[in-house]
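S.K.: no sequence on hand, only this structure:
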C-alpha cells in the first residue's frame, strides 16, 4: 500500500493539484483532469473553444453540436516517463450524429493504470500476493445546436477507482470506490460577427465553456473520509487567424479553475475526519470556490494555456498535415506546472493521426519535472461528415 501512496502523490504532482504537500490533495480521482488527446495536448492543453472532434467530450461537449457524421478516436500515453513506472493512460471516444435526435450521441472510456503491486503482511515483508490498481470512467453524452450559432452539450459519467482489492488489516472499508458525475458545456460559434477595423470573423471564431465533473464526493473507507471529485470550470476561445485554399492558422486559449472546497486541509489540520466534515458539497462549491480567498489569490488559482495550429493541405484532395505548439502555465503557489508542448498531425481521407510532446527543459530548474518528455499518440477515424461549404473550422477530423 505504501507504493500505491507514493505513485498517487506523483500523479497528483503531475496533474498539479496540490497547494501544500504537508496536507492533502484538493480532490480525489485526479485522472479526470488529464488532457486526453494529442491534438489539444500539442496546443498547450487547450481545447474548450476549438472542440471540433470526438475529444470534445472532454474539452467541451457543446463543440460536437456543430459536427455531423461519425468518428472514433483512440489515445495512448505512458504517464510520468521520468520515473520509469508502469503507468499508462488510455482514452477512447465515439460520436454519432443522429438526424432524428437533431444532435449527436457520444461515449468515451478513460483508463489510468497504476501498475502491479505486491501485497505483504503487516508483520513481514514477505509477499503474499499481487494486485493491480487503476482508475476508470465511462462517459455518455448528447450535444445539439440551439440555433445556427449556439451549441449545448451534456455528459453523464460513472467513475470507478480501484486502488487496492482489499483493505489493510486495520481498515474496515476497501480500496475500491464508485461515484458518478456530469458535465455541461456551451459554445458560441457565430456565422456572422463584424468587428470594427477587423471585419467579419463569422465561422472563424468560437468561445465556449465546460463545467465538468459535477458530482458527489467519493470515498474508499467511509463517508466521513470522503473526498470531492475534481469539479472544474474551463473557458476557451479559438480564432482562425488566416485561411486560404491550402493554409490555415488557428489560435486557442483556455482558462480553467478547480472548484472544490479545501476546508481546513491547507491550513494545517491533521485530523482527517474533522477536515472532511468541513468540506462543502459540490452544489455549494460550484459557487463558493470562487470566493474562498482574496480576489488576487483567486486569479492566481486560474490555470492558463494556449496554442497555435498550422494546417497545410486541401480537404478536396483528402490530405493535410499540421504543426502545433503551445504553452501551459500554473502559478507557483498552485501547482507550479510550466511547460511547452509540441505536436503534429496528418489527415488522409477518413483517417487521422496526431502526436504531442511535453518539455519542461526550457525552464530553469524544471528539467526533471515529472511531466517532462511525456508523449501522447492519437488515432482518429471519421466518416459521413458533410463537406465544409463555407470558410471556418473543420467538420470532424
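M.R.: Cool, the structure landed. Being a predicted model, the structure only gives us computed values, none of them experimental.
S.K.: list the buried ones in stretch 217-226?
M.R.: Judged by neighbour count (16 or more other Cβ atoms under 10 Å), stretch 217-226 contains these buried residues: 217, 218, 219, 220, 226. The way it works is simple: take the backbone N, C-alpha and C, and place the C-beta from them, glycine included.
S.K.: give the contact list for the second one.
M.R.: When contacts are counted by Cβ atoms under 8 Å, 6 or more residues apart in numbering, residue 218 is found next to 28, 29, 159, 161, 177, 178, 179, 226, 227, 228, 229.
S.K.: same check, this time on the third one
M.R.: Contact partners of residue 219, counting by Cβ under 8 Å, 6+ apart, are 173, 177, 225, 226, 227.
S.K.: what do you get if the cut-off is 6 Å, keeping everything else the same?
M.R.: For residue 219, the contacting residues are 225, 226, taking Cβ atoms under 6 Å, 6 or more residues apart in numbering as the criterion.
S.K.: likewise the first one?
M.R.: Residue 217 is in contact with 226, 227, 228, counting by Cβ under 6 Å, 6+ apart.
S.K.: could you point out which element follows the helix or strand where residue 180 lies?
M.R.: In the assignment (DSSP states H and E), residue 180 maps to strand 176-188. Sequence order places strand 194-195 as the next helix or strand after strand 176-188, per DSSP H and E.
S.K.: quick one: mean pLDDT over stretch 205-223.
M.R.: Summarised as a single mean, pLDDT over stretch 205-223 is 91.
S.K.: gap between the two ends of it?
M.R.: 45 Å (Cα to Cα, to the nearest Å).
S.K.: and stretch 223-237, by the same measure?
M.R.: One end of stretch 223-237 sits 39 Å from the other (Cα to Cα).
S.K.: pull the residues that contact that stretch.
M.R.: Stretch 223-237 is contacted from outside by 27-29, 32-33, 48-49, 181, 207-215, 217-219, 253-260, 273, 276, 282, using Cβ under 6 Å, 6+ apart.
S.K.: hmm, back to that, give the partner strands of the strand holding residue 180 in its sheet and their orientations.
M.R.: strand 150-162 (antiparallel), strand 205-214 (antiparallel) (DSSP bridges).
S.K.: give me whichever of those is most buried.
M.R.: Burial of the strands paired with strand 176-188 is given as mean neighbour count (mean count of other Cβ atoms under 10 Å); strand 205-214 ranks first at a mean of 23.
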